[in-house]
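Student: based on what follows, work out the 3D shape:
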Amino acid sequence: MLLAVLLLGTAVFVLYRQYKQLLQERDKYKSNTTALLSDIKRMQVDSTTTAIDVKQLRLTLDEYKQYRAEDAEKIKKLGVKLKDLQAVAKHRVEVNAPIQAGLKDSVIIRDTLVISVKTLAVQTPHIQINGVIENDSLHGSIHLPVNLHQAVWVEPKHKFLWWRWGVKAIHQTISNDNPYVEIKYSEMIKLEK
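Tutor: Reported below is the predicted structural model:
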């Protein structure tokens, strides 16, 4: 009788642990599916600041190595051990800046030779361009300062009055302050052990 109770207790314990594990896997699958199928939320904060909001994926380290092998290799090349990673994020930005500037006549003195050239200069808070047109070619530089701001926040699963509990999703909001730079893609992956 005691042996039967002990076996039954062990079976209940094992089944309970499997049940909890299945619930965790179900919640992870549900949040990943929601994150992958949800649209990227784009916001215009003010005249120069834009932002996007994406949800976080949850992967194990083995899943990350399998599905993001190229990214894992880049991280290894940076000297970071994959087992030490907590989360990874990747962003893609695109610059679309119209250029409108007048050309000015200038003179360049090389040795004793005086060469007539045209110069180009644009100086705004969001774009700086300097160039020299010589012999039908442009030599110069373009500088676009961009500040990316990242906020990671939790969307609670349950709310009642002022109490919040559980985690429905973890969001990542990225904003930039240059109107010529558009954030095309962003992702965040939380690695679980």
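Student: what strand or helix carries Leu191?
Tutor: Using DSSP states H and E, the element containing Leu191 is strand 181-192.
Student: gap between that strand and the chain center?
Tutor: The chain centroid and the centroid of strand 181-192 are separated by 3 Å under C-alpha atoms, centre = their mean, to the nearest Å.
Student: again, but for stretch 186-193
Tutor: Using C-alpha atoms, centre = their mean, the mean C-alpha position of stretch 186-193 is found 11 Å from that of the whole chain.
Student: in terms of secondary structure, what does the strand holding Leu191 contact?
Tutor: On a contact count with 3 or more C-beta pairs under 8 Å, 6 or more residues apart in numbering; DSSP states H and E, strand 181-192 meets strand 50-55, strand 57-60, helix 61-67, strand 87-95, strand 163-176. Using the backbone N, CA and C atoms, a C-beta is placed for each residue, glycine as well.
Student: turn the ones you listed into a markdown table, columns for distance to Ser106.
Tutor: Conversion of the helices and strands packed on strand 181-192 to a markdown table gives the following (distance: least, C-beta to C-beta, whole Å):
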| stretch | distance to Ser106 |
| --- | --- |
| strand 50-55 | 37 |
| strand 57-60 | 53 |
| helix 61-67 | 54 |
| strand 87-95 | 27 |
| strand 163-176 | 34 |
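Student: select, out of these, the one closest to Val132.
Tutor: If you check each of those against Val132 by C-beta to C-beta, strand 87-95 wins as the nearest, at 22.1 Å.
Student: quick one, the closest one and strand 50-55 angle?
Tutor: Here the directions of strand 87-95 and strand 50-55 differ by 150 degrees (axes from the mean of the first three to the mean of the last three C-alpha atoms, to 10 degrees).
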